[in-house]
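> Need a 3D model of the sequence below.
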Amino acid sequence: MKKLDARQLDHKTREAIRIRAVQCVLDGESPEQVIKALGFHRSNIYEWLSKYNAGGFDALKTGKITGRPSKLSGPEMQKLYRMIVDKDPLQYKFAFALWTREMIQQLIKAEFKVSLSLSAVGRMLKRIGLSAQKPLTKAYQRNEERVEQWKKEEYPAIQKLAKKEKATIYFGDESTIRSDYHSGTTWAPKGQTPVVETTGARYSLNMVSAISSRGALRFRAIHGKMNSVKFIDFLKSLTYAADKPIYLILDGHPIHKSAAVKKYVASTNGMLKLFYLPPYSPHLNPDELVWGYLKNHKLGKMKITGPDQLKKKVYSVLRSLQKMPQIVKNFFKHKELTYIDDYGG
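So this is what the prediction gives:
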């Protein structure tokens, strides 16, 4: 895209663009995405943010310079943004891998010879479009090229074949449900950490499930550890009374690829086919969200008193979820799952 020449615009238009751009960043948009959308050079947004940092929106108005000069210039704010976004603290010899205000304060002092209070650092970070967020974990072994190949080539090929054979596509996954898992927060007097009472004993329940983009959910409890025999039993229940083929997409766990499982799949004469996600890529599997829903939104807020009650509550939640296919369908709308369309067979 050709960069716009602001000198060709009248004063009021330039003023409106500056104010609009800064407001977009304050609302949480990326500075560089904002300026790219407007068609201006990337350095402009940081100059405007520097002016806003010094004197608010009045400083963005044509012919007006108000407030104290910003301690960081536009180019310096641009450089700071890239230093934080493009690298982690370990690359700057910090001992911690996540950015804190204190570390950024030190970075600014070392790089720009400017001393800022922690509150000033926080305000500046907000004004250049950064916010404190809980990071997502990612396996370093993940091959991103392999992930893209799955999204753009392998899954579309599976889907094309499923449509041809009128098969139903399911995504499957296993999980262990623990009785001592708690999620969310609770209100309590300041300085008095709330305590969740439990029996002191820990119980767990192994589960396996499969979902389709049409909202279907199938599940089963596994007694003890999963093995080929127990997994085959689940496959039999998944295909029981099926009037069309079942395509099941799973991770590459050795049990899923065992000789016994392959032998059973072959015995179905095409009524069941298994496909495997790229290694270390749970974000590609919508069935992961079933367990998140169960643990974070339901069981994590309940008091569990024994193994029988744990199983009863798990079954109650999952049976209720079976009756609410729209929630299951919504799992497929997660931003990481846009490669899956609504075809479920």
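
> need the strands for the stretch 1-150 of the chain, in chain order.
For the stretch 1-150 of the chain, applying DSSP state E, counting those that start in this stretch gives no strands.

> how about the helices in it?
Using DSSP state H, counting those that start in this stretch, the helices of the stretch 1-150 of the chain run over residues 11-26, 31-38, 42-55, 74-86, 101-112, 118-127, 144-149.

> Next, the angle from the longest one to helix 42-55.
It refers to helix 11-26. For helix 11-26 against helix 42-55, the angle by axes from the mean of the first three to the mean of the last three Cα atoms, to 10 degrees is 80 degrees.

> next one: helix 11-26 to chain centre, how far?
Its chain's C-alpha centre and that of helix 11-26 lie 31 Å apart, by Cα atoms, centre = their mean, to the nearest Å.

> Quick check: buried residues in that helix?
Within helix 11-26, the residues that count as buried by 16 or more other Cβ atoms under 10 Å are 14-15, 17-19, 21-22, 24-25. Just so you know, the C-beta spots here come from the backbone N, C-alpha and C atoms, and that holds for glycine as well.

> what sits against the closest residue to I158 other than its chain neighbours?
Using Cβ to Cβ, 6 or more residues apart in numbering and skipping the chain neighbours, the partner closest in space to I158 is F275 (5.5 Å). Neighbour list for F275: 154, 158, 247-250 [criterion: Cβ atoms under 8 Å, 6 or more residues apart in numbering].

> State the pair within those residues that is farthest apart.
Spanning the widest gap among those are E154 and L248, at 14.7 Å by Cβ to Cβ.

> First-to-last residue distance for stretch 104-120?
One end of stretch 104-120 sits 11 Å from the other (Cα to Cα, to the nearest Å).

> likewise stretch 33-43?
12 Å.

> Might you calculate how far it sits from the centre of the chain?
26 Å.

> in it, what's buried?
For stretch 33-43, the neighbour count (16+ other Cβ under 10 Å) marks 34-35, 38, 40 as buried.

> can you list the weak-confidence ranges in the stretch 1-150 of the chain?
In the predicted model of the stretch 1-150 of the chain, residues 1-11, 62-70, 95-97, 133-141 satisfy pLDDT under 70.

> Assign P279 to one of the three secondary structure states.
Classification of P279 using DSSP: H, G, I helix; E, B strand; the rest coil returns coil.

> If you count neighbours, what's buried in stretch 48-64?
48-55, 57, 59-61.

> what's the closest of those to S131?
Comparing those against S131 with Cβ to Cβ picks out L49 as the nearest, at 14.6 Å.

> Could you pull up the residues touching that closest one?
Per Cβ under 8 Å, 6+ apart, neighbours of L49: 22, 25, 31, 74, 77, 127-128.

> could you flag which of the residues you listed are buried?
Buried subset of the contacts of L49 (neighbour count, 16+ other Cβ under 10 Å): 22, 25, 31, 74, 77, 127-128.

> Among the contacts of L49, list the two that are farthest apart in space.
Within those, V25 and G74 form the most distant pair, 13.0 Å apart (Cβ to Cβ).

> Quick check: which of the helices of the stretch 1-150 of the chain is nearest to S320?
helix 144-149 (32.9 Å).

> Please put the alpha-carbon coordinates of that closest one into CSV.
Output of helix 144-149 as CSV, limited to C-alpha atoms (Å, rounded to 0.1, in the frame of the first residue of the first chain):
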residue,chain,number,x,y,z
GLU,A,144,4.5,-24.3,12.8
GLU,A,145,5.0,-25.3,9.1
ARG,A,146,3.4,-28.6,9.9
VAL,A,147,0.5,-26.9,11.6
GLU,A,148,-0.1,-24.7,8.6
GLN,A,149,0.1,-27.8,6.3
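
> Identify each buried residue in it, please.
Buried residues in helix 144-149 (16+ other Cβ under 10 Å): V147.

> ok so, going back, did I read that right, the residue nearest to I158 in a strand?
Yes. Counting by three-state DSSP, F275 is part of a strand.

> Just grab the bridge partners of it for me.
Counting by DSSP bridges, F275 is bridged to I249.
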